[in-house]
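> the sequence and its predicted three-dimensional model are supplied below.
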Amino acid sequence: MFNPTDGAYSVWLFFTSSGEFRSWYVNLEEPTTRWDDGTAAGIDTIDYDLDIVVRPDRTWHWKDEDEFAYHLAYPDVYWVDDPEAVRAEGRRVVGLVEAGAFPFDGTRTAYRPDPTWTVPTGWPAGWDRKRARVKEAR
């Protein structure tokens, strides 16, 4: 997963069960808040529902447009204040996709984790801390 410091999105790289690169998944979301309290560190964000799926040949399509539209019909409880800004950010990222710019240039698609790494068996201390930023209630 790539979380840029200058955008309202993250990019997830998906691989097949045999390890071949399958797609990029652009998750449109509130810009991340990075935090480090000395014992734990991480990022917080809020998902905007609208996404983009990008194939290895950089053809792409919107994902969850219907879910985004459905949630926008309930502005008293949905957290997206400016749906056009979300769509504009998506169009901006599509420009990166079509230009073959990082991270859509293929430079990370051959990544493979160290086979000696193990899967954690428990949660790290601080995993349940309060969010770094909580959007104001309406």
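Perfect, I can see it now. Please read all numbers here as calculations on a predicted model, not as lab measurements. Residues are numbered from 1 along each chain as shown.
> what's the burial count for residue 61?
Using other C-beta atoms under 10 Å, the number of residues around residue 61 comes to 10. Every C-beta, even on glycine, is put in place using the N, C-alpha and C of the backbone.
> does it touch residue 26 like I think?
No: look at residue 61 against residue 26 with C-beta atoms under 8 Å: they stay out of range, at 10.8 Å.
> now the common contact residues for those two.
Residues within reach of residue 61 and of residue 26 at once, by C-beta atoms under 8 Å, 6 or more residues apart in numbering, are 52, 53.
> check which helix or strand residue 93 maps to.
Using DSSP states H and E, residue 93 maps to helix 83-99.
> what are the ranges of the helices in the protein?
65-72, 83-99 (DSSP state H).
> so which of those comes closest to residue 122?
Closest of the helices of the chain to residue 122 is helix 65-72, at 32.9 Å (criterion: C-beta to C-beta).
> can I get that closest one in CSV, CA atoms only?
Output of helix 65-72 as CSV, limited to C-alpha atoms (Å, rounded to 0.1, in the frame of the first residue of the first chain):
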residue,chain,number,x,y,z
GLU,A,65,-20.0,4.6,-8.1
ASP,A,66,-23.4,3.3,-7.1
GLU,A,67,-22.4,3.0,-3.4
PHE,A,68,-20.9,6.5,-3.5
ALA,A,69,-24.1,7.9,-5.0
TYR,A,70,-26.3,6.0,-2.5
HIS,A,71,-24.4,7.4,0.5
LEU,A,72,-24.4,11.0,-1.0
